[in-house]
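# Build me a structure from this.
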Amino acid sequence: MEIIRTKVKDLLNMKAGEEVLAKGWVRTKRGNKEIAFIALNDGSTIKNIQIVVDKNPEMEAVLAKISTGACIGVRGNLVESVGSGQAVEIRATEITVYGESDPMRYPLQKKDTSFEYLRTVAHMRPRTNTFGAVLRLRSQMAFAIHEYFHSKGFVYLNAPLITASDAEGAGNMFQVTTLDLNAPLPKNKKGEIDYSKDFFGRRTSLTVSGQLEGELGATALGEIYTFGPTFRAENSNTPRHLAEFWMIEPEMAFYDLKDNMDLAEDFIKHLVRYALDNCFDDVKFLNDRYDPELIERLRSVIYTEFVRLEYTEGIRILEQAAKDGVQFEYPVFWGADLQSEHERYLVEKHFGKPVILTGYPKDIKAFYMKQNEDGKTVRAMDVLFPKIGEIIGGSEREADLTKLETRIDELGMSRRNLEWYIDTRRFGSCPHSGFGLGFERLLLFVTGMQNIRDVIPFPRTPKNAEF
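I've put the predicted structure just below:
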């Protein structure tokens, strides 16, 4: 009779007494003269299932091929475990070795290995307990994001990855071209590169944000969200920056700044609650192994009302802290773009809870943000979290055609590549708002990891594009 494979996650919840088939990768192998014990994991859970093997001559030959990292299939009886840590284990009757693993060359040894080393073997690190937990959480969080917006009637909009528009106006974009860079580049009469000879007939880049296209969707469909990769060509080697990362960007017609803040707070609380309710084993492992305050911090976010604070008041608090002896690396003054140390002081030291900061100076914010009546500030909002700093950035968008065009001109931006965007204000402009949540920033908070390179399978950073 053929036995269908059962995942380890399900085996651990079954009652003893059945014949089962498990397949996975060996975490450890140990034993004595009579019995061998194999810890088997298939990625479905942080927990291993123990395989008990009697060392008869037939099994001895198979066991000789098995070491840490090997891939095996085990057929046997599910029995009650006599040891602690699990209720059941498998008493093996048959073992198939699918793939051996040279113990001298296998890069994941039993001893604790640094995150720095694991980044050099990123293709193997998903097999560790830590990265298995992180990647399962990443998958679950992605599902929770889609589930949340679907339940609220949002339309999932696919924004392009290749674009001629710089949504942030900062110019930190990766250029896309099919021109032969080893040959003389075509030039126009001005001596500039002639992009009409390029694949798209114009200069194009990888997107830094799906927001502008998202606004097009919102002004037709009402409420949309994008969720996809974005790219920033910033030479930033910090624990908080990646060159390739994922963004969730909802855009909503007829939402003002308060509506936007309400949605952002509800959204992120939902995601944190989902992680605790559906991924507790993985969260607890990370809590116990790396960050003993993780679970408490996650729960505190769910049951706390976020502080809503004007930028001007935030600056006053920070200036007073500096006068009282708090040492900031970066200076604090009205008009400054707050650094992570400032944001974390407000959240962790002053208020002890998440903060939504609003009313930023327009000169440090993007061109599309709605201007306040004072002419100096915009209806921006940043959600600031403990240990992370800014986790969400958003605003009410400028709906007035004249103000939008004036701001584009003030910043010296090219109108030619933005006419399609300006059309949303020419034809049926409406109040609307939106925000962006960096997926990896969210995962830093949910997992308690310290470096953003450790919450994405294959990090892309300056001088690093392996795998």
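# tally of neighbours for the nearest residue to Arg289 once chain neighbours are set aside?
Spatially, and ignoring its direct neighbours in sequence, Arg289 is nearest to Thr130 (7.0 Å; Cβ to Cβ, 6 or more residues apart in numbering). No exception for glycine: its C-beta is placed from N, CA and C like everyone else's. If you count neighbours by other Cβ atoms under 10 Å, Thr130 ends up with 21.
# My read is that Thr130 contacts Asp282, right?
No: using Cβ atoms under 8 Å, Thr130 makes no contact with Asp282, being 9.7 Å away.
# Ile392 - nearest residue in space that isn't next to it in sequence?
Val383 (3.8 Å).
# count of residues packed around that neighbour?
Val383: 25 neighbours (other Cβ under 10 Å).
# what sits opposite it in the beta ladder?
Using DSSP bridges, the bridge partners assigned to Val383 are Ile356, Ile392.
# Look up how far Asp277 lies from it.
22 Å (Cβ to Cβ, to the nearest Å).
# ditto for Glu398
In terms of Cβ to Cβ, Glu398 sits 39 Å off from Asp277.
# more neighbours, those two?
Shown here are Glu398 and Asp277; by other Cβ under 10 Å, Glu398 has more neighbours (24 against 10).
# you'd agree that one is up against Lys365?
No: with contact defined as Cβ under 8 Å, Glu398 does not reach Lys365; the gap is 10.8 Å.
# any common contacting residues for those two?
Counting by Cβ atoms under 8 Å, 6 or more residues apart in numbering, Glu398 and Lys365 have no shared contacts at all.
# For the closest residue to Asn287 other than its chain neighbours, which residues are in contact?
Using Cβ to Cβ, 6+ apart and skipping residues adjacent in sequence, the residue nearest Asn287 is Leu294, 4.1 Å away. With contact taken as Cβ under 8 Å, 6+ apart, Leu294 is in contact with Val283, Leu286, Asn287, Thr447, Gly448.
# Out of these, which two sit at the greatest distance?
Asn287 and Thr447 (9.6 Å; Cβ to Cβ).
# neighbour-wise, which of the two wins?
Comparing Asn287 with Thr447 by neighbour count (other Cβ under 10 Å), the higher total belongs to Thr447, at 25 against 19.
# Got phi/psi on that one?
Main-chain dihedrals, Thr447, degrees, to the nearest 10: phi -90, psi -20.
# Surely it is in contact with Lys284?
No: if you go by Cβ under 8 Å, Thr447 and Lys284 don't touch, sitting 11.7 Å apart.
# Can you check which residues contact both of these two?
Counting by Cβ under 8 Å, 6+ apart, nothing touches both Thr447 and Lys284.
# for the stretch 151-300 of the chain, what are the low-confidence residue spans?
Residues of the stretch 151-300 of the chain meeting the criterion pLDDT under 70: 169-171.
# Do a quick rundown of the strands in it.
Here the stretch 151-300 of the chain has its strands, by DSSP state E, counting those that start in this stretch, at 155-156, 162-163, 175-176, 204-206, 223-231, 244-253.
# So what are the sheet partners of the longest one and their directions?
For strand 244-253, the paired strands and their directions (DSSP bridges) read strand 223-231 (antiparallel), strand 432-438 (antiparallel).
# related to what we said a few turns ago, could you identify which of the strands of the stretch 151-300 of the chain is most buried?
strand 244-253 (a mean of 23; mean count of other Cβ atoms under 10 Å).
# Got the confidence number for the residue nearest to Arg289?
With respect to pLDDT, Thr130 scores 96.
# Pull the contacting residues for it.
Contacts of Thr130 (Cβ under 8 Å, 6+ apart): Phe285, Leu286, Arg289, Tyr290.
# so how far is Tyr303 from it?
Thr130 sits at a distance of 28 Å from Tyr303 (criterion: Cβ to Cβ).
# Tell me which helix or strand Thr93 sits in.
Counting by DSSP states H and E, the element that carries Thr93 is strand 88-99.
# by contact count, what packs against the next helix or strand after that strand?
Downstream of strand 88-99, the next assigned helix or strand under DSSP H and E is helix 115-120. Applying 3 or more Cβ pairs under 8 Å, 6 or more residues apart in numbering; DSSP states H and E, one finds that helix 115-120 contacts no other helix or strand.
# if you average pLDDT over helix 115-120, what comes out?
92.
# So which residues make contact with it?
Met124, Arg125, Thr128, Phe131, Asn451, Arg453, Asp454, Pro459.
# for those residues, which one is nearest Phe174?
Pro459 (15.5 Å).
# And the closest one, how close does it get to Ala243?
Distance from Pro459 to Ala243, by Cβ to Cβ: 8 Å.
# Adding distance to Phe115, write the strands paired with strand 244-253 out as JSON lines.
Output for the strands paired with strand 244-253, formatted as JSON lines (distance: least, Cβ to Cβ, whole Å):
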{"stretch": "strand 223-231", "distance to Phe115": "23"}
{"stretch": "strand 432-438", "distance to Phe115": "20"}
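# can you tell me which of these comes nearest to Lys187?
strand 223-231 (27.1 Å).
# what's near enough to touch the residue nearest to Asp337 when sequence neighbours are not counted?
Distance criterion Cβ to Cβ, 6+ apart; nearest residue to Asp337, sequence neighbours excluded, is Ile364 at 4.5 Å. Counting by Cβ under 8 Å, 6+ apart, Ile364 touches Gly335, Ala336, Asp337.
# Thank you kindly, that will do.
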